[in-house]
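Chemist: would you be able to build a 3D model of this:
(one chain, ligands or ions: 1)
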Amino acid sequence: MYRTNTCGELRLLNVDQEVVLSGWVQKVRKFGGMIFVDLRDRYGITQLVFNQEINAQLCEKAEKLGREWVIQAKGAVAERSNKNPHISTGDIEIIVSELTILNSSDTPPFTIENDTDGGDDLRMKYRYLDLRRTPVRSNLELRHQMAFATRNYLNELKFLEVETPVLIGSTPEGARDFIVPSRMNPGEFYALPQSPQLFKQLLMVSGFDRYFQIVKCYRDEDLRADRQPEFTQIDCEMSFIEQEDILTVFEGLTQYLFQTIKGINLPAFPRLSYAEAMKLYGTDKPDTRFGMTFVEIKDLTSGKNFGVFDNAEYVGAIRVPGCSYYTRKQLDELTDFVKRPQIGANGLIYVRCEVDGNLKSSVDKFYSSDNLQKWVERSGAQPGDLLLILSGQTEKTRKQLGELRLEMASRLGLRNKDLFNCLWVVDFPLLEYDEELRRYFAKHHPFTSPKLEDIPLLDANPGAVRANAYDLVINGVEVGGGSIRIHNSELQKKMFSMLGFSETQAQAQFGFLMNAFKYGAPPHGGIAFGLDRFVSIFAGLDSIRDCIAFPKNNSGRDMMINAPSTVSQEQLDELNLKIELPEK
Ligand code: ASP
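Modeler: Numbers count the residues shown, from 1 in each chain. Predicted structure coming up:
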């Protein structure tokens, strides 16, 4: 028997018991004739004691132990005279009577403790060692709990988990596909699924009624902190339902997870239309942990010879509480912030509402105190507040103001990671116009149903058609999204044609779906949650990488196994692939 107990288990109640523990040596300390070893496993750390006076031979053996050696120790549980309140086993120690070395270890490249001295690259290269650290391991434990609770909740509601294939065909809509050459079908390729979308809809045609899958999805996109080339979705689909049913079930799932895992009871989630979200926050994933919603003041600014505002389609302000003391330097910093190419504003106007009631503005030359007072009134600004104002083309300016709003919230410490604000954003536009390609794209995906009342607009004003599509947003992060689907093959055909597919193209790409719809497709809809993002919000992490066991870096590379990598000429020949690299 390798062990009778784990390293996180023993307490005062176990004193005098003979136990056997196995684990890794975290630390060896010598004090006079005593040797103390911190023994670690997944469950915790237990202190082992070796006493020179009692057993010199054993002490000699213990002295040789190095960091991360794997050992087995037998001994008696004893009360510690010097208790450690920081660990759960801190009241006891093991007086070791037998020591077995199960394996030695090279000195690890970084310390395996909560605060490590290892940099990112090193930790990724030795991820299996990094995973021994408690903070990393506990993220994965949390991930397991969330996945497990999700399965429980959905199982109770009669959802069936069905696996869908990983080798599928490439589709032109959406992100870039990862493709896989087929050896048996020269010149042909599989693609890895960006999501099981088509399969889950086909399962509804098959009558499965309530499907879910915790499933890997693959998108060949540029990477960021919240994006990995492979990521996991909680993917769901339901039949004979309306949007309301989906929102109820998945609001329920979210509340269930918060309640069972974090002990937090969340109130009903507010709903905001896409149009309102853009108007108030300049984004379809607003962080609603704090206010600072937009105030439109274009009408109050016209006709005072201030060309910038006069020529702008939109003038919008945010009221930043308690920041009237902002210095010239701080305001210049903010101006630089909004002028960065990623944000792209031309400049920033401010009004300081000073504590004594005076208004100081960067456009004093054009606007009297009375003029400024009107802006202040509309925004509800109080003495001590600061108004920050951007102007320009409506959509662009709203986005810029949205970024500025987040920046101010970060500066003011309003993005509290222990606070969770969930909301549904609903009524997304069905289509999005691409100015460059001069055609419409599906905002969600081509299977999303327009709102019935908006169908007549499809020909006359496609941009105004709203979809039965919804996103779950938590603290400014899009955690999930989905839609009610088209289940009528004629409407689906029309949708493909609006998206610029010829009938032949649509048939070639999605013929199987349109065919399936001819055999009694039920009304259906679904949603997918990004598990990685969901876990990282629960864990208060800035990057989804930290809740993935073996993540890729920003170049899509696995530093540990060194993938992607080249393959042999034989492999290429078998696949009929010729590789020509561009000259550097
Ligand atoms: N397949 C969609 C996605 O991956 C989600 C859905 O519509 O259910 O975003």
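
Chemist: measure Arg289 to the ligand for me?
Modeler: Relative to the ligand, Arg289 is positioned 24 Å away (criterion: CB to the nearest ligand atom, to the nearest Å). All C-beta atoms are positioned from the backbone trio N, CA, C, and that covers glycine.

Chemist: one more: Tyr218?
Modeler: Distance from Tyr218 to the ligand, counting by CB to the nearest ligand atom: 11 Å.

Chemist: how far away is Pro523 from Leu491?
Modeler: Pro523 sits 12 Å away from Leu491, taking CB to CB, to the nearest Å as the criterion.

Chemist: for the stretch 201-350 of the chain, just list every one of the helices.
Modeler: 243-257, 274-281, 298-301, 307-310, 328-339 (DSSP state H, counting those that start in this stretch).

Chemist: make sure I have this right: Tyr440 is in a helix.
Modeler: No - judged by DSSP: H, G, I helix; E, B strand; the rest coil, Tyr440 forms no part of a helix; its state is strand.

Chemist: that one bridge partners, please.
Modeler: Residues in a beta bridge with Tyr440, per DSSP bridges, are Tyr433.

Chemist: count of residues packed around it?
Modeler: 18 (other CB atoms under 10 Å).

Chemist: so who does it touch?
Modeler: Contact analysis of Tyr440 by CB atoms under 8 Å, 6 or more residues apart in numbering lists 431-434, 462-463, 498-500.

Chemist: again, 10 Å this time
Modeler: For Tyr440, the contact set (CB atoms under 10 Å, 6 or more residues apart in numbering) comprises 429-434, 462-463, 465, 498-500.

Chemist: again with Leu331
Modeler: 323, 348-350, 352, 362, 386, 388.

Chemist: what is the nearest of the residues you listed to the ligand?
Modeler: Nearest to the ligand among those: Leu388, at 33.9 Å, using CB to the nearest ligand atom.

Chemist: show me which residues of the stretch 51-200 of the chain sit near the ligand.
Modeler: Applying CB under 6 Å from any ligand atom, one finds that the stretch 51-200 of the chain approaches the ligand through 195, 197.

Chemist: does Pro186 touch Asp573 like I think?
Modeler: No - if you go by CB atoms under 10 Å, Pro186 and Asp573 don't touch, sitting 11.0 Å apart.

Chemist: among the contacts of Leu331, name the buried ones.
Modeler: Burial by neighbour count, 16 or more other CB atoms under 10 Å: within the contacts of Leu331 this picks out 323, 348-350, 352, 362, 386, 388.

Chemist: please narrow those residues to those residing in strands.
Modeler: Among those, the ones falling in strands (DSSP state E) are 349-350, 352, 386, 388.

Chemist: reformat those residues as JSON lines; add pLDDT and distance to Val473.
Modeler: Converted to JSON lines, those look like this (pLDDT from 0 to 100; distance: CB to CB, whole Å):
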{"residue": "Ile349", "pLDDT": "97", "distance to Val473": "29"}
{"residue": "Tyr350", "pLDDT": "97", "distance to Val473": "29"}
{"residue": "Arg352", "pLDDT": "97", "distance to Val473": "32"}
{"residue": "Leu386", "pLDDT": "98", "distance to Val473": "27"}
{"residue": "Leu388", "pLDDT": "98", "distance to Val473": "23"}
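
Chemist: ok, these vs Tyr281, which is closest?
Modeler: Using CB to CB, Leu388 comes nearest to Tyr281 of those, at 14.5 Å.

Chemist: what's the end-to-end length of stretch 535-554?
Modeler: End-to-end distance for stretch 535-554: 20 Å, by CA to CA, to the nearest Å.

Chemist: what is the mean pLDDT for it?
Modeler: The pLDDT scores in stretch 535-554 average 94.

Chemist: which parts of it are buried?
Modeler: 535-539, 541, 544-548, 551-552.

Chemist: same check on stretch 231-249?
Modeler: Going by 16+ other CB under 10 Å, stretch 231-249 has these buried residues: 231-239, 241, 243, 246-247, 249.

Chemist: and these, which is closest to Gly32?
Modeler: Closest approach to Gly32 among the buried residues of stretch 231-249 (CB to CB): Thr232, at 52.1 Å.

Chemist: tell me, how many residues neighbour the spatially closest residue to the closest one that is not a sequence neighbour?
Modeler: Leaving aside its sequence neighbours, Thr232 sits nearest to Leu531 (CB to CB, 6 or more residues apart in numbering; 4.2 Å). Leu531 sits with 25 neighbouring residues when counted by other CB under 10 Å.

Chemist: would you agree Leu531 is in contact with Gln213?
Modeler: No - taking contacts as CB under 10 Å, Leu531 lies outside contact range of Gln213: 11.1 Å.

Chemist: what sits in contact with each of the two?
Modeler: What both Leu531 and Gln213 touch, as defined by CB under 10 Å, 6+ apart, is the set 233-235.

Chemist: grab the nearest non-local neighbour of Lys339.
Modeler: Excluding the flanking residues, the one nearest Lys339 by CB to CB, 6+ apart is Ala345, at 6.0 Å.

Chemist: again, but for Ile474
Modeler: Per CB to CB, 6+ apart, closest to Ile474 is Cys422, 4.9 Å.

Chemist: which strands border the strand ranked longest in the chain, and is each parallel or antiparallel?
Modeler: Counting residues, the longest strand found in the chain (DSSP E) is strand 18-31. The pairing partners recorded for strand 18-31 under DSSP bridges are strand 34-41 (antiparallel), strand 70-79 (antiparallel).
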